[in-house]
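1. Take this sequence and fold it.
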Amino acid sequence: MQQYVGDVFVSELIKKPVLDQHGAEIGVIKDFSIAAGAVFPQIKHVILKSGKKLLKLLTKDIKYLNARMVTATITADSVKEYTEGEEEFLVSRDVLDQQLVDVDGIKVVRVNDIKIGKVKGKLSLIAVDPGARGLLRRLGFEKSAEKLLKALNIKLSDSLLTWNYIQPLEQKLSKLTLTVPKQNLSTLHPSDIAQLISEVSRDEQEALFNSLELNVAAEALHELEPNLQASIISGMDKEAATELLEKMPPDEAADVLGDLPKPKADELLNLMEEDDAEDVIELLEHDDDTAGGLMTTECIALLPDLTVEDSMKEWKLQAPDVEAVYTLYVTNKAEKLLGFVTLKDLMLAKNKTIIASIMRPPVKTLQTSDDKMRVATIISKYNLLSVPVVDDDGTLMGIVTVDDVVDILLPPESRKKKHILK
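-> Have a look, this model is predicted:
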């Protein structure tokens, strides 16, 4: 038998009466049960409410379904009872009002309405509406709002997102979280990713974070506020958490581990590669609000008797693992700081030039105990991209970079609790 289905929204169908083949009311629509797995999820049956009973109307028994009427090809007495509590994925219960991660707009919105239509002859979910029109339609004010806005020469825009661009983050469909689409998250800046993660519910944060590629996750983790960092790391498999920490610069890994309970931090440190663990342990010895706590041990260091040609080769070897690559520090074999050269200096000098002849003395240095305000003042006053941190003997311990100072003065929204100047 021919089935007549028009594109219609869930909000237009909820509480709508369903008539049997004789025109008698079977019940009113309460919800829709969905089969998972398809690109456009198929509706298995419609859940009806009749008095105190719940009934199950199979989609194959529907003749007309649109915003005006819903009719069935069977009689009311042949519709079977629906047992509430069955493990099913329900549209109104499990999708409406769920959060939707919009990676294009870098924001979190809510599913205000859902569009139903036919896909390959099957009644399916075809789109969601996270916009104002969807909310107004659901509240019953769409038409009146449209007329009012039209009189003001304002168009009420559509913001439908077709279901093929929507993916569940969790396999447990009773707690569906949606993203558009999750693989595109890895193209965003880590700060934007952290902002999105911070805006979704606690249960959804881990799923969203776990959908990221490893390198992106390592960059995004440090942008989150400490309690959320600790929650995510604690919830991960310890081998996966260790791999993630090893991908991070030592100073950022130290920040994360410093906010974990000591037994958990020690467990992860013991699993890390020895060299990585040693760098992190060294940084953990310093207070967060000091140069020692802010610095990274990763920097490019050269011996003074190297030629420019050999220095460029050394730069190429070290640069892939170092964040700050434009300033190269010159030390002796005992690692005492002698001076610095810039990448520009090397590129402009002749290949056989000795580094000692073109290096400059450090503009300023910091001690590991210097507080964050002194760090910020030095970098700002002398317009530095990085400043070296030395011990009492002048040994190079690490560097503090300008982005660390920016984070102190203007922390991202996602981790404002972490750096607040007092």
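2. Show me which positions of the helix or strand hosting Val18 end up buried.
-> According to DSSP states H and E, Val18 maps onto strand 17-19. Residues 18-19 are the ones in strand 17-19 that count as buried (16 or more other C-beta atoms under 10 Å). Backbone N, C-alpha and C define where each C-beta goes, glycine included.
3. so what are the domain limits for the chain?
-> 4-90, 93-180, 182-285, 301-409 (automatic domain parsing).
4. looking at those, which is closest to Gly292?
-> domain 301-409 (3.2 Å; C-beta to C-beta).
5. Where does the prediction get shaky in the stretch 101-250 of the chain?
-> Counting by pLDDT under 70, the stretch 101-250 of the chain has low-confidence residues at 102-106, 165, 167-184, 203.
6. likewise the stretch 251-400 of the chain?
-> In the stretch 251-400 of the chain, no residues with pLDDT under 70.
7. Report the beta-bridge partners for Lys53.
-> Beta-bridge pairing for Lys53 (DSSP bridges): Ser50.
8. Tell me where the stretch 151-300 of the chain has helices.
-> With DSSP state H, counting those that start in this stretch as the definition, the stretch 151-300 of the chain shows helices at residue ranges 190-199, 202-210, 214-221, 226-235, 238-247, 250-258, 262-271, 274-284, 291-294.
9. now the strands for the stretch 1-150 of the chain?
-> All strands of the stretch 1-150 of the chain, identified by DSSP state E, counting those that start in this stretch, fall at 4-5, 8-9, 17-19, 25-35, 42-50, 53-58, 62-65, 70-72, 80-81, 89-90, 99-102, 107-110, 113-119, 122-129.
10. Can I get the helices of the stretch 151-300 of the chain in JSON lines including distance to Gln99 and mean neighbour count?
-> As requested, the helices of the stretch 151-300 of the chain are exported to JSON lines (distance: least, C-beta to C-beta, whole Å; neighbours: other C-beta atoms under 10 Å):
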{"stretch": "helix 190-199", "distance to Gln99": "8", "mean neighbour count": "21"}
{"stretch": "helix 202-210", "distance to Gln99": "7", "mean neighbour count": "18"}
{"stretch": "helix 214-221", "distance to Gln99": "18", "mean neighbour count": "20"}
{"stretch": "helix 226-235", "distance to Gln99": "16", "mean neighbour count": "18"}
{"stretch": "helix 238-247", "distance to Gln99": "24", "mean neighbour count": "18"}
{"stretch": "helix 250-258", "distance to Gln99": "25", "mean neighbour count": "24"}
{"stretch": "helix 262-271", "distance to Gln99": "29", "mean neighbour count": "15"}
{"stretch": "helix 274-284", "distance to Gln99": "34", "mean neighbour count": "18"}
{"stretch": "helix 291-294", "distance to Gln99": "34", "mean neighbour count": "26"}
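11. Reformat the ones you listed as TSV; add distance to Val375.
-> Output for those, formatted as TSV (distance: least, C-beta to C-beta, whole Å):
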stretch	distance to Val375
helix 190-199	21
helix 202-210	30
helix 214-221	22
helix 226-235	20
helix 238-247	24
helix 250-258	13
helix 262-271	25
helix 274-284	15
helix 291-294	5
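12. Quick one: closest of those helices to Phe40.
-> helix 202-210 (22.0 Å).
13. And the closest one, how far out from the chain middle?
-> Distance of helix 202-210 from its chain centroid, counting by C-alpha atoms, centre = their mean, to the nearest Å, is 8 Å.
14. which other helices and strands contact that helix?
-> Helices and strands in packing contact with helix 202-210 are listed as helix 190-199, helix 214-221, helix 226-235; criterion 3 or more C-beta pairs under 8 Å, 6 or more residues apart in numbering; DSSP states H and E.
15. Now that we have those, can you turn them into TSV and tack on distance to Phe340?
-> Formatted as TSV, the helices and strands packed on helix 202-210 follow (distance: least, C-beta to C-beta, whole Å):
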stretch	distance to Phe340
helix 190-199	28
helix 214-221	26
helix 226-235	33
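16. tell me the contacts of the residue nearest to the spatial centre of the chain?
-> Nearest residue to the geometric centre of the chain (C-alpha atoms, centre = their mean): Ile193, 3.6 Å. Counting by C-beta atoms under 8 Å, 6 or more residues apart in numbering, Ile193 touches 185, 212, 216, 220, 223.
17. same thing but at 7 Å, please
-> For Ile193, the contact set (C-beta atoms under 7 Å, 6 or more residues apart in numbering) comprises 185, 212, 220.
18. Ramachandran angles for Ser211?
-> Dihedral angles phi and psi of Ser211 (degrees, to the nearest 10) take the values phi -80, psi -10.
19. Around it, how many other residues sit close by?
-> If you count neighbours by other C-beta atoms under 10 Å, Ser211 ends up with 18.
20. I'd say it and Ile197 touch.
-> No - using C-beta atoms under 7 Å, Ser211 is not in contact with Ile197; the gap is 10.3 Å.
21. still on that earlier bit, can you give me how far the strand holding Val18 is from the chain middle?
-> That offset, for strand 17-19, works out to 43 Å (C-alpha atoms, centre = their mean).
22. Report all helices and strands that that strand contacts.
-> Where contact means 3 or more C-beta pairs under 7 Å, 6 or more residues apart in numbering; DSSP states H and E, strand 17-19 is packed against strand 25-35, strand 70-72.
23. ok, it: who's next to it in the sheet?
-> Partners of strand 17-19, by DSSP bridges, with direction: strand 25-35 (antiparallel), strand 70-72 (parallel).
24. how about a markdown table for these, with distance to Gln3, mean pLDDT and mean neighbour count added?
-> Converted to a markdown table, these look like this (distance: least, C-beta to C-beta, whole Å; pLDDT from 0 to 100; neighbours: other C-beta atoms under 10 Å):
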| stretch | distance to Gln3 | mean pLDDT | mean neighbour count |
| --- | --- | --- | --- |
| strand 25-35 | 16 | 93 | 20 |
| strand 70-72 | 10 | 93 | 22 |
